[in-house]
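In: mind looking at a prediction? Sequence and model below.
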Amino acid sequence: MPKKIEKTEKKTAKKSVKSKPDVVNKFTGNSWAYSKTVRDHFFKPKNLLWENPDSAKYDGEGIVGSPACGDVMRVWLKIDPKKDKIKEFKWRTFGCASAVAATSMLSVMITEKGGMLLDRALEVRPQDIMKRLGGLPDRKIHCSVLGDKALRTAINDWFKKTNQFSRIVTDGEKVIDPNTKVTEADIEEAVLEGAQTVEEVQKRTKVGIGYPECLPEVEELVRFYREKYYGVDTD
Amino acid sequence: MHTIAIDMKRKPINLDNASTTPLHKEVLKAMMPFFSEKYGNPSNLYELGRISRSAINESLARISGIIHSRPDEFVFTGGATEADNLAIAGIARANKEFGNRIIISSVEHKGIFSVCEALKKEGFEIVEIPVDKNGLLKIPYLEKALNEKTLLVSVTMADSETGTIQPIREISEIIKRQKAKTAGADANARAGHLPYFHTDASQASAYLDINVENLGVDLMTLSAHKIGGPKGIGGLYIKRGTKINPIIYGGSQQNRVRAGTENVPSIVGFARALEISEKNKGKGKSGKKSKIEEIRKLRDLLEKNIFKNIQKVVLNGHPEKRLPNFLNVSILDIEGEALLLHLDAHGIMISTGSACNSESLEPSSVLSAIGNPYEFVHSSMRFTLSSETTKSDIEYVLKHLPKIVETLRHISPLNLKVDQKEKMSDPRAFVGGKTPHFLRKKRNA
């Protein structure tokens, strides 16, 4: 956690990616109408693992989520060690349309143009996926946050297998909740997206749902980032 | 992979009749004059007003004839939720000097749960009676919960998720015995009235006996749009002598129990819809099966073939004691919203108890109350038929459903087991009580 609260940063809060679906109900603001891209990826998912999973065939593997919470994502990677790029990204997802579409889109982003460099892949954020999907309804944002975590888990798996321990992602990425792999940075993003309370942050990130022990820490972080970006509460 | 061929020519198939039903043509016809020509306010004495008044009286006569009440024992509300709210809050507040306990089942509609939550803050004690794994109320728990401070018991006639039918007559006998006990304990305490017994018959009214004398209930909720009537209208049967407060204050309409100018066209439509649905319960012409039996036959066809053609399916609700138009199943490893959208692409409407399909992102409370792990609830889908459902509709669904399930199971990384039910995650896992089972195993490994 950054040590100083810099008031100058108050106004520099970045504009977050607009998370709006194509068609929004003008009365409720909610909608079931996903963007066309989401629909395409949901009905015709790309890079899905069709055959039975054979871990030996892949260089890295990662799984996040829980069926009790309603989302599980599993990712298998093939990596080109010379180019340090991801050659193949296969996945399976249990979840709603946004979760399926987000994993599918992520697989496209990672493997297009000859594959993404590992260092770049580690930096992919849920916002990047959402942008490519043309937005998601607000309460579906949390569905997209698991994809990049599954990817990072799989890349870390590869680093472990190849003894590249120094490359395992921990930089400023303190994992708050070991189940959902939600990090400090995720909490920060959630606050930037407009979440003001632990409940709202939980809705977006699912932090602490299976690991309530971390909630006091989450509360502290939410307060910290809220003050950082929106100013100190006056009351 | 199964490709999606959307047949645009086909009329959408509504297998979500528990959500709402289309307005019956005859109902619309009956309502039409009261929108424009006969627009009078029933409280007015001139002719136009009298026409509206007599339309309401006629509707009341029809409805009370069907439920075997007196016309002045029925109050029109803006739907079943308002009727539920009126029953619970109205009874509780009017009788608070005699006690503070309200007993409900764990499979009630939100219209009951939410008002009970609100009443907790007013000092009322809410006792929830659990159901067994088939969704039936655990009667011994009810008997234990009843005491002299109990003001009201509310048990749905059939819940809105699984359609499981509760033993209303058996419950009303138990409550009658409690009424005698309560009266004996305090001669002044509304002798013989408390506790009152309310049932929400919104889902059940088209399929079960709604004769209030037979049922032995003091209050009963009805809804119009579940039975081919218009939305935004429902009603509450309130037995004569029941002490109840209004929840909406205003003029002196409807014996001061429900203020506000009566919604005349909807009242007329409601009465007509109830008449039609009542007629469907009877035998068809020349000894043919009743409409209800036809619906049951189609539901059974759907159920039998889903279990035959799809692996790992779990029935939610009671195998027999269930409304004839209800089928709720969990198709394991598949997320409900994903299946809903695939069926939607084929022009088939269903509903799911999955959290992803709700505004609150919480999975169905009814299915959880039955003791289902969240893994099963997220995979649940509800098919609800109506008299409009045809055999070809069911065949169309049976043709496409197995292929969609196959596709979605390919996408899913899960492989749950049907008999794993008890060993799976504690329901509290979702709300933060415990870590889901498989993650615990994974971490320990």
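Out: Sure thing, it's come through.
In: tell me the domain ranges of chain B?
Out: Recorded structural domains for chain B (assignment: automatic domain parsing) are B:25-280, B:290-444.
In: closest to chain A out of those?
Out: Closest approach to chain A among the domains of chain B (CB to the nearest CB): domain B:290-444, 3.7 Å. Where C-beta positions appear, they are placed from N, C-alpha and C, glycine not excepted.
In: for the record, mean pLDDT for the closest one?
Out: Averaging pLDDT along domain B:290-444 gives 81.
In: circling back: dump the domains of chain B to TSV, plus distance to A:V100.
Out: Compiled in TSV, the domains of chain B are given as follows (distance: least, CB to CB, whole Å):
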stretch	distance to A:V100
domain B:25-280	25
domain B:290-444	6
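In: how close does A:P45 sit to B:E395?
Out: Separation of A:P45 from B:E395 (CB to CB, to the nearest Å): 28 Å.
In: more neighbours: which of those two?
Out: Neighbour tally, A:P45 and B:E395, criterion other CB atoms under 10 Å in any protein chain shown: the higher count belongs to A:P45, 22 against 14.
In: now that one: closest residue in space, sequence neighbours ignored.
Out: Excluding the flanking residues, the one nearest A:P45 by CB to CB, 6 or more residues apart in numbering or on different chains is A:S104, at 4.3 Å.
In: the one helix or strand the one you found maps to: what's the following helix or strand?
Out: Using DSSP states H and E, the element containing A:S104 is helix A:97-111. Downstream of helix A:97-111, the next assigned helix or strand under DSSP H and E is helix A:118-121.
In: how distant is that following helix from the center of its chain?
Out: Offset of helix A:118-121 from its chain centre (CA atoms, centre = their mean, to the nearest Å): 15 Å.
In: elements contacting that helix?
Out: strand A:85-94, helix A:141-161 (3 or more CB pairs under 8 Å, 6 or more residues apart in numbering or on different chains; DSSP states H and E).
In: may I have the first one exported as PDB, CA atoms only?
Out: So that's strand A:85-94. The C-alpha trace of strand A:85-94 is given here as PDB (Å, rounded to 0.1, in the frame of the first residue of the first chain):
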ATOM      1  CA  LYS A  85       5.600 -15.700 -26.000                       C
ATOM      2  CA  ILE A  86       2.300 -17.500 -25.500                       C
ATOM      3  CA  LYS A  87       1.700 -19.800 -28.500                       C
ATOM      4  CA  GLU A  88      -1.600 -21.300 -27.400                       C
ATOM      5  CA  PHE A  89      -4.300 -20.400 -24.900                       C
ATOM      6  CA  LYS A  90      -6.900 -23.000 -24.300                       C
ATOM      7  CA  TRP A  91      -9.700 -22.600 -21.700                       C
ATOM      8  CA  ARG A  92     -12.900 -23.800 -20.200                       C
ATOM      9  CA  THR A  93     -15.300 -21.700 -18.200                       C
ATOM     10  CA  PHE A  94     -18.300 -22.400 -16.000                       C
END
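In: for it, buried residues please.
Out: For strand A:85-94, the neighbour count (16 or more other CB atoms under 10 Å in any protein chain shown) marks A:K85, A:I86, A:E88, A:F89, A:K90, A:W91, A:R92, A:T93, A:F94 as buried.
In: next one: stretch B:215-234
Out: B:215-231, B:233-234.
In: and for stretch A:43-62?
Out: Counting neighbours by 16+ other CB under 10 Å, stretch A:43-62 gives A:F43, A:P45, A:K46, A:N47, A:L48, A:L49, A:Y58, A:D59, A:G60, A:E61, A:G62 as buried.
In: quick check: end-to-end length of it?
Out: 24 Å (CA to CA, to the nearest Å).
In: contact partners of it?
Out: Stretch A:43-62 is contacted from outside by A:74-79, A:88-92, A:100-101, A:103-105, A:107-108, A:111, A:149-158, A:161, B:4, B:342, B:345, B:410-411, B:413, using CB atoms under 8 Å, 6 or more residues apart in numbering or on different chains.
In: helices along chain A, start to end?
Out: Per DSSP state H, chain A carries helices over the ranges A:36-43, A:97-111, A:118-121, A:126-133, A:141-161, A:184-192, A:198-205, A:215-230.
In: show me what counts as buried in the second one.
Out: Right, helix A:97-111. Applying 16+ other CB under 10 Å to helix A:97-111 flags A:97-107, A:109-111 as buried.
In: possible to save these as JSON lines with pLDDT?
Out: Shown next, in JSON lines, are those (pLDDT from 0 to 100):
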{"residue": "A:A97", "pLDDT": "85"}
{"residue": "A:S98", "pLDDT": "84"}
{"residue": "A:A99", "pLDDT": "87"}
{"residue": "A:V100", "pLDDT": "90"}
{"residue": "A:A101", "pLDDT": "90"}
{"residue": "A:A102", "pLDDT": "89"}
{"residue": "A:T103", "pLDDT": "91"}
{"residue": "A:S104", "pLDDT": "92"}
{"residue": "A:M105", "pLDDT": "91"}
{"residue": "A:L106", "pLDDT": "91"}
{"residue": "A:S107", "pLDDT": "91"}
{"residue": "A:M109", "pLDDT": "91"}
{"residue": "A:I110", "pLDDT": "89"}
{"residue": "A:T111", "pLDDT": "90"}
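In: for B:R240, state which of those is nearest.
Out: For these, the residue nearest B:R240 by CB to CB is A:A97; the value is 52.1 Å.
In: number of residues surrounding the closest residue in space to B:E108 that isn't next to it in sequence?
Out: Nearest in space to B:E108, with sequence neighbours left out and distances taken as CB to CB, 6+ apart, is B:T156 at 5.5 Å. Per other CB under 10 Å, the neighbour tally for B:T156 reads 28.
In: for A:G147, see how far away B:T156 is.
Out: Distance from B:T156 to A:G147, by CB to CB: 40 Å.
In: go on, B:G336?
Out: Counting by CB to CB - B:G336 and A:G147 are separated by 20 Å.
In: between these two, who's got more neighbours?
Out: Comparing B:G336 with A:G147 by other CB under 10 Å, the one with more neighbours is A:G147, at 31 against 28.
In: tell me if I'm right that the more buried one and A:V100 touch.
Out: No. Counting by CB atoms under 8 Å, A:G147 does not reach A:V100; the two are 9.9 Å apart.
In: residues of chain A that sit close to chain B?
Out: For chain A, the residues in contact with chain B (CB under 8 Å from any CB of the partner chain) are A:30, A:42-43, A:45, A:48, A:50, A:53, A:63, A:66-74, A:92-97, A:99-100, A:139-140, A:143, A:178-179, A:203, A:208-212, A:215.
In: let me see the contact set for the residue lying closest to B:S364 once chain neighbours are set aside.
Out: Spatial nearest neighbour of B:S364, chain neighbours left out: B:G353 (3.0 Å); criterion: CB to CB, 6+ apart. Applying CB under 8 Å, 6+ apart to B:G353 gives the contacts B:E161, B:N328, B:G336, B:P363, B:S364, B:V366, B:L367, B:V377, B:H378, B:S380, B:M381, B:R382.
In: thanks again, I'm all set now.
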